[in-house]
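>>> predicted model, plus sequence, below.
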Amino acid sequence: MALVNKPKKGKRKIRDSGEREIMDSRKAKTKDPSKVKRAKSNGSLAALPADLRGPDTEWWYAFLSKHAELHKDAESGGSVPVPSDEEEAFRYFFRTSRRTFDYICSIVRDDLISRPPSGLINIEGRLLSVEKQVAIAMRRLASGDSQVSVGAAFGVGQSTVSQVTWRFIESMEERARHHLVWPDQERMEDIKARLEALSGLPNCCGAIDATHIIMTLPAVESSEDWCDPAKNYSMFLQGIVDDEMRFIDIVTGWPGSLPVSRLLKCSGFHKLCEAGKRLNGPVRVSGEDAEIREFIVGDMCYPLLPWLMTPYEAENLSAPMVNFNARQKTARMLGTRALARLKGSWRILHKVMWRPDKNKLPSIILVCCLLHNIILDCKDELLTGIQLPFHHDTGYKEENCKQENPSGKVMRETVTGHLPTFEAVLN
């Protein structure tokens, strides 16, 4: 049977943007701004090696040459050929344009310069530039290839890849969190308007979905807690996305053995919603003068709640119910597509991770979500074929929660009655 006891506190690293907001609100009066703002560059950096101070472009051409030498002409785990155009090739290997890559370097530059550990040298005996460190880390995350394979492509050893990747993750986790935040009310009104234009659902704020990050574990760490229904060892990632498939809330770190409904209940987002501190914006009034509050949409693996609308389940549904389900699916699939794009872009999340540190894995997942959002925020575009062409959680049977909150049922009926009839059937 799946996990039945409440997980022990202090034994597991959880990354939960909802919980972070709860904690941040408690510390707001005593927070030291110097600890959360990026340090400004000053004269003390002048003594550092020149190749750490200025932008480095040599690494890119050396990488291309090494890649050709190693005869790797296709993406690991995929069949998309390396583009002949240099700009597209850059996007292929690192998922971003050069402009977005430079922006990411600017986020982590102070950290990577101010704390260069010993051993971060290339085969020529020079300290690695910030650009090359970021490239190594992003290639590791994008390809999911082994540290040995990534190191060979950059002319560095396995331990260097490990050090560089983790330092990048630590810096991004601290410095780039502003790219994954719950929208303020002004931005939420824009999201709701665009989602209503897309699906017809009034006051819909986003879509929720969850996926398994599969891993292997040493025998001493293997337990039923981490063994999911597909008999894999896995960790959950739950995400809520807006109309552009941008993550606006995530929770990760929980075992894949949990039912999705319990994963939701464990999240800070659930606590905030139940406390009336989230999805608490202006209500809409239906044609029958009933109030429609803010809500998100999810699949049948989630419970029906006043703030979470799930599809109707029954045979011989009425026309309005079929209409609601079709419109709800249009919005809901944004979450499914976002996770497919995330796992396709950052293949480390799609491949089976070999014995990851379960305390570090939530940070890796979070940073991949941050990179996903940065691409959107910079109005960058992925190359065609990078997104997974299939469901993000293949091999897993669809869960059916069957929990229906009475107030949630009333809310769903109100939304259903408010909707105009579909003029065409949506797939």
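Received the coordinates, thanks. Numbers count the residues shown, from 1 in each chain.
>>> give me the contacts around stretch 318-325.
For stretch 318-325, contacts defined as CB atoms under 8 Å, 6 or more residues apart in numbering pick out 311-312, 314, 317, 412, 415-417, 419, 421-422. All C-beta spots, glycine's among them, are computed from the backbone N, C-alpha and C.
>>> actually stretch 185-196, not the one I wrote
Stretch 185-196 has contacts (CB under 8 Å, 6+ apart) with 183, 201-206, 242-243, 281, 294, 331.
>>> now stretch 353-361: mean pLDDT?
Mean per-residue pLDDT for stretch 353-361: 87.
>>> buried stuff in that stretch?
Neighbour-count burial for stretch 353-361, with 16 or more other CB atoms under 10 Å as criterion, is recorded at 353, 356, 358, 361.
>>> if we can go back for a sec, for PyMOL, write a command that selects the buried ones of the contacts of stretch 185-196.
Typed into PyMOL, the line below selects the buried ones among those, using 16+ other CB under 10 Å:
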select buried, resi 183+201+202+203+204+205+206+242+243+294+331
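>>> ok, back up a step: Leu382: which of the contacts of stretch 318-325 is nearest?
Nearest to Leu382, judged by CB to CB, of the contacts of stretch 318-325 is Pro311 at 29.2 Å.
>>> in the stretch 201-350 of the chain, where is pLDDT below threshold?
Within the stretch 201-350 of the chain, the ranges that satisfy pLDDT under 70 run 219-222.
>>> over to the stretch 51-200 of the chain?
The model of the stretch 51-200 of the chain has pLDDT under 70 over residues 51-55, 71-80, 115-126.
>>> packing partners of the lengthiest strand in the chain?
Longest among the strand segments of the chain by residue count, using DSSP state E, is strand 204-216. With contacts taken as 3 or more CB pairs under 8 Å, 6 or more residues apart in numbering; DSSP states H and E, strand 204-216 sits against helix 185-199, strand 233-241, helix 260-266, strand 295-297, helix 319-345, strand 353-354, helix 361-377.
>>> quick one: which of those is nearest Ser159?
Nearest to Ser159, of all these, is strand 353-354, at 16.0 Å by CB to CB.
>>> tell me which strands that closest one pairs with, and in which orientation.
strand 204-216 (parallel) (DSSP bridges).
>>> check contacts around the spatially most central residue of the chain.
Geometric centre of the chain, nearest residue: Cys369, 2.8 Å, by CA atoms, centre = their mean. Residues in contact with Cys369, defined by CB under 8 Å, 6+ apart, are 180, 237, 239, 247, 250, 342.
>>> tell me the contacts of the last one?
Pointing back at Leu342 there. Contact analysis of Leu342 by CB under 8 Å, 6+ apart lists 239, 349, 368-369, 372, 392.
>>> quick one: which of the residues you listed is nearest to Glu131?
Here the nearest of the contacts of Leu342 to Glu131, counting by CB to CB, is Cys368; it sits at 20.0 Å.
>>> which among the contacts of stretch 318-325 end up buried?
Buried among these (16+ other CB under 10 Å): 311-312, 412, 415-416, 419, 422.
>>> in a markdown table: those, plus secondary structure and distance to Glu288.
Shown next, in a markdown table, are the buried ones among the contacts of stretch 318-325 (DSSP: H, G, I helix; E, B strand; the rest coil; distance: CB to CB, whole Å):
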| residue | secondary structure | distance to Glu288 |
| --- | --- | --- |
| Pro311 | coil | 22 |
| Tyr312 | coil | 19 |
| Arg412 | helix | 14 |
| Val415 | helix | 12 |
| Thr416 | helix | 12 |
| Leu419 | coil | 12 |
| Phe422 | coil | 20 |
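>>> what is the nearest of these to Arg327?
Nearest member of these to Arg327, counting by CB to CB, is Leu419, at 6.2 Å.
>>> so what pairs up with the closest residue to Leu361 other than its chain neighbours in the strands?
Closest residue in space to Leu361, ignoring its immediate chain neighbours: Met235 at 5.9 Å, by CB to CB, 6 or more residues apart in numbering. Beta-bridge pairing of Met235 under DSSP bridges involves Ile213, Pro255.
>>> from Ile365, how far out is Leu371?
Going from Leu371 to Ile365 by CB to CB, to the nearest Å gives 11 Å.
>>> what do you get for Ser17?
Counting by CB to CB - Ser17 and Ile365 are separated by 12 Å.
>>> what is in contact with the two at once?
Any residue near both Ser17 and Ile365 by CB under 8 Å, 6+ apart counts here, and that gives Ile250.
>>> how about the strands in this protein?
Taking DSSP E to define them, one finds strands in the chain at 15-16, 204-216, 233-241, 247-255, 284-285, 291-292, 295-297, 308-309, 353-354.
>>> the fourth one to strand 233-241, inter-axis angle?
Following axes from the mean of the first three to the mean of the last three CA atoms, to 10 degrees, one obtains 160 degrees for the angle between strand 247-255 and strand 233-241.
>>> elements contacting strand 247-255?
In this structure, strand 247-255 packs against strand 15-16, helix 17-27, strand 233-241, helix 260-266, helix 268-274, helix 361-377, with contacts taken as 3+ CB pairs under 8 Å, 6+ apart.
>>> is it possible to export the ones you listed to TSV including distance to Cys105?
What follows is the helices and strands packed on strand 247-255, written out as TSV (distance: least, CB to CB, whole Å):
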stretch	distance to Cys105
strand 15-16	23
helix 17-27	24
strand 233-241	26
helix 260-266	35
helix 268-274	31
helix 361-377	12
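>>> out of the ones you listed, which one sits most buried?
Of all the helices and strands packed on strand 247-255, strand 233-241 carries the top mean neighbour count, a mean of 26, counting by mean count of other CB atoms under 10 Å.
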